[in-house]
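In: from the sequence below, what's the structure:
(one chain, ligands or ions: 1)
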Amino acid sequence: MSALSVDALRSRFQAALEAARTPADLKTLRDEFLSRKHGLVTALVKSIASATPDEKRTLGAASNALKQEIEAALDTREAEAAASAPPKDALDVTLPGRRPFLGRRHPLTQVRERVEDIFLAMGYQVIEGPELEDDWHNFEALNMPAEHPARDMQDTLYLASPVPVPDGGRAATLLRTHTSGMQIRYMETHEPPVRVIAPGRVYRRDQFDATHTPMFTQIEGLVVDEGISLGDLRGTLNGFAEQFFGGRVATRFRPSFFPYTEPSAELDVECQGCAGKGCNLCKHTGWIEILGCGMVHPAVFEAVGYDSDKYTGFAFGVGIERLALRLYGVDDIRMFYENDLRFLEQVAL
Ligand code: DAH
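Out: Take a look at the predicted model:
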């Protein structure tokens, strides 16, 4: 090793220092030149041991000077780097943004609003009424007198003791089993023509499984005027189904029975899951029932004091959960009540 290699080392260091940009570069440089094990300056100092006494003197002094020089230069640059580095918690404006979490309305609310919008556009009015209901509105006035077997169709949740109904009338004895009582409430307080829908919660003594919940949601519809016919019912509900499912859907009206309508029917729509071919969703029938409907029974008009010779009308009741299952292709109704965000985010409209 000669004095020349001291100079060579110095210029090599200077060039490297010039090229160093980041604190990491400086650390690498420090390692390369000053590391105790394999540093270049360390090796130079070690090589002095084998030099002649004359060389030792000059080389010793020169290599020591170089070592200090390098240390000082690195210290300075490191201090500069530390001073100009952004503080640890500084805002890095180059990072991609984080999306704020946006809440949205529950799928069942969205479905209810979708149905409401369709009927509002057809000139209907949206009304609401009490969930605690009396016998008259829930059963009696709907042509289901005390001993009527149709009352067995709905396993009713009765109250332990009657409570006043906020909207007036008789004392409530039960949780309404359907929104059909709203037909009575509206007709008792309004003269024809009638064109209303009444969304709301209803209650039944059902178990909690994939297709039943003790509480669910319906939308009742009622139209009364002179000359309302079955054709109006069919046209209205077919139009509704098309708009709700966003395009042409095959529908069919199946004869059915409800005490408050005559004739009565259920409306099926072609299963969206299998395009009518048959799948688990539609129990392999190709059809899904979405609502009950019919022409208002004259006994109902008599109960509310309407002239059943003069007026006719149609009524219908849609299950909102049923529509939601159809619309989102979900096969378990409980999903709508578990508030699992992973599910709720997927079914957003
Ligand atoms: N109330 C019936 C139910 O809960 C649905 C229904 C059927 C409503 C026929 C109506 C109707 O207005 O005319 O299943």
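In: residues of the stretch 101-250 of the chain that sit close to the ligand?
Out: The stretch 101-250 of the chain comes close to the ligand at residues 178, 180, 220, as judged by CB under 6 Å from any ligand atom. For glycine as for every other residue, the C-beta is placed from the backbone atoms N, C-alpha and C.
In: so what's the first one up against?
Out: The reference is to His178. Counting by CB atoms under 8 Å, 6 or more residues apart in numbering, His178 touches 138, 154, 202, 218, 220, 317.
In: if we go to 7 Å?
Out: For His178, the contacting residues are 202, 218, 317, by CB atoms under 7 Å, 6 or more residues apart in numbering.
In: most neighbours among those residues, please name it.
Out: Gln218 (26 neighbours; other CB atoms under 10 Å).
In: so that residue sits in a strand?
Out: Yes - Gln218 sits within a strand when classified using DSSP: H, G, I helix; E, B strand; the rest coil.
In: for it, which non-adjacent residue is closest in space?
Out: Excluding its sequence neighbours, the residue lying closest to Gln218 (CB to CB, 6 or more residues apart in numbering) is Thr179, at 4.5 Å.
In: you'd agree that neighbour is up against Ala198?
Out: Yes - look at Thr179 against Ala198 with CB atoms under 7 Å: they come within range, at 5.2 Å.
In: more crowded one of these two?
Out: Comparing Thr179 with Ala198 by other CB under 10 Å, the one with more neighbours is Thr179, at 27 against 23.
In: so where's the stretch 101-250 of the chain shaky on pLDDT?
Out: Counting by pLDDT under 70, the stretch 101-250 of the chain contains low-confidence ranges at 152-154, 166-169.
In: quick one on the thing from earlier: would you mind giving the residues of the stretch 101-250 of the chain next to the ligand as JSON lines with distance to Asn280 added?
Out: Output for those, formatted as JSON lines (distance: CB to CB, whole Å):
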{"residue": "His178", "distance to Asn280": "27"}
{"residue": "Ser180", "distance to Asn280": "30"}
{"residue": "Glu220", "distance to Asn280": "30"}
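In: what's the closest of those residues to the ligand?
Out: Nearest to the ligand among those: His178, at 3.4 Å, using CB to the nearest ligand atom.
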